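> Fold the following.
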Amino acid sequence: MPQQMIWFFLSIAFSFIAWGTVTARYIWPELRLRPRADALRPLLILHSFRFIGLAFLVPGVVSPDLPPAFAHSAAYGDIIAATLALLSLSLLPGAAGVAVAWIFSVWGSADILNAFYQANHAGLLAGQLGAAFFLPTLIVPLLLITHGLGFRILLRHQPQPAMQENRHFA
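Numbering: from 1, shown residues only. Next comes the predicted model:
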């Protein structure tokens, strides 16, 4: 394994530890008691910035040797994830917003895991990422952790507002 890949994977590991600490101490305590839609909104806003993945398509930002299979799947997967996040934000707190949040969460997680697969399959070297090196080493661990939070929030039991109103009038 080239030494640059050791530094690359070590950076990703430290990012997971740091973001995991931030999430456990500050993010989850703020979100866990909120209603589902209110808890999802900050996560969806964060993921709406995934348009930044288009940087993989910009010559000069990344090396001209960056494998196109990785660059295209990562960039287009991210822009689709950002679009789904924004669509879900616009539809919340309705059922359609929750449904799109599920689609976004499945798509967004699978997209990140596919990017790791494509990078490994194409033999990507960390130096080929150029200025986009910070995306997998700083941003992607946060995105994966917040996808986990999103699934946790979506799986929580959520009382139906209509049923609460009916009980109120009874």
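
> Quick one: mean pLDDT for stretch 123-137?
Per-residue pLDDT over stretch 123-137 has a mean of 90.

> How about it, which residues are buried there?
Buried residues in stretch 123-137, counted by 16 or more other CB atoms under 10 Å: 124-126, 128-130, 132-133, 135-137. All C-beta spots, glycine's among them, are computed from the backbone N, C-alpha and C.

> C-alpha coordinates for it, CSV please?
The C-alpha trace of stretch 123-137 is given here as CSV (Å, rounded to 0.1, in the frame of the first residue of the first chain):
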residue,chain,number,x,y,z
GLY,A,123,-7.4,1.8,-7.9
LEU,A,124,-7.8,5.5,-6.9
LEU,A,125,-4.8,7.1,-5.2
ALA,A,126,-5.3,9.8,-2.6
GLY,A,127,-3.2,12.3,-4.6
GLN,A,128,-5.5,12.0,-7.6
LEU,A,129,-8.2,13.8,-5.6
GLY,A,130,-6.2,17.0,-5.6
ALA,A,131,-8.0,19.8,-3.8
ALA,A,132,-11.0,17.5,-3.3
PHE,A,133,-9.0,15.4,-0.8
PHE,A,134,-10.9,17.1,2.0
LEU,A,135,-14.2,15.6,0.7
PRO,A,136,-13.6,12.0,1.7
THR,A,137,-11.4,12.8,4.6
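
> hmm, who's touching that stretch?
2, 4-5, 7-8, 11-12, 15, 52-53, 55-56, 60-63, 65-67, 70, 115, 118-119 (CB atoms under 8 Å, 6 or more residues apart in numbering).

> From Trp107, how far off is Leu92?
Leu92 sits 17 Å away from Trp107, going by CB to CB, to the nearest Å.

> And Trp28, by the same measure?
Separation of Trp28 from Trp107 (CB to CB): 23 Å.

> what does the average pLDDT come to for stretch 14-24?
pLDDT averaged over stretch 14-24 gives 97.

> let me fix that: stretch 63-80
Averaging pLDDT along stretch 63-80 gives 94.

> just how off-centre is that stretch within its chain?
Remark: stretch 63-80 is offset 16 Å from the chain centroid, using CA atoms, centre = their mean, to the nearest Å.

> what's the answer for stretch 31-45, then?
With CA atoms, centre = their mean as the basis, stretch 31-45 stands 14 Å off its chain's centre.

> hey, C-alpha coordinates of that stretch in PDB?
Output in PDB follows, covering the C-alpha atoms of stretch 31-45 (Å, rounded to 0.1, in the frame of the first residue of the first chain):
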ATOM      1  CA  LEU A  31     -32.100  16.200  17.800                       C
ATOM      2  CA  ARG A  32     -33.300  13.300  19.900                       C
ATOM      3  CA  LEU A  33     -36.200  15.000  21.600                       C
ATOM      4  CA  ARG A  34     -37.500  16.900  18.600                       C
ATOM      5  CA  PRO A  35     -40.400  15.800  16.500                       C
ATOM      6  CA  ARG A  36     -39.300  13.800  13.500                       C
ATOM      7  CA  ALA A  37     -39.600  16.600  10.900                       C
ATOM      8  CA  ASP A  38     -37.800  19.100  13.200                       C
ATOM      9  CA  ALA A  39     -35.100  16.600  13.800                       C
ATOM     10  CA  LEU A  40     -34.600  15.800  10.100                       C
ATOM     11  CA  ARG A  41     -34.400  19.400   8.900                       C
ATOM     12  CA  PRO A  42     -30.900  20.200  10.100                       C
ATOM     13  CA  LEU A  43     -29.600  16.900   8.600                       C
ATOM     14  CA  LEU A  44     -31.300  17.500   5.300                       C
ATOM     15  CA  ILE A  45     -29.900  21.100   5.200                       C
END
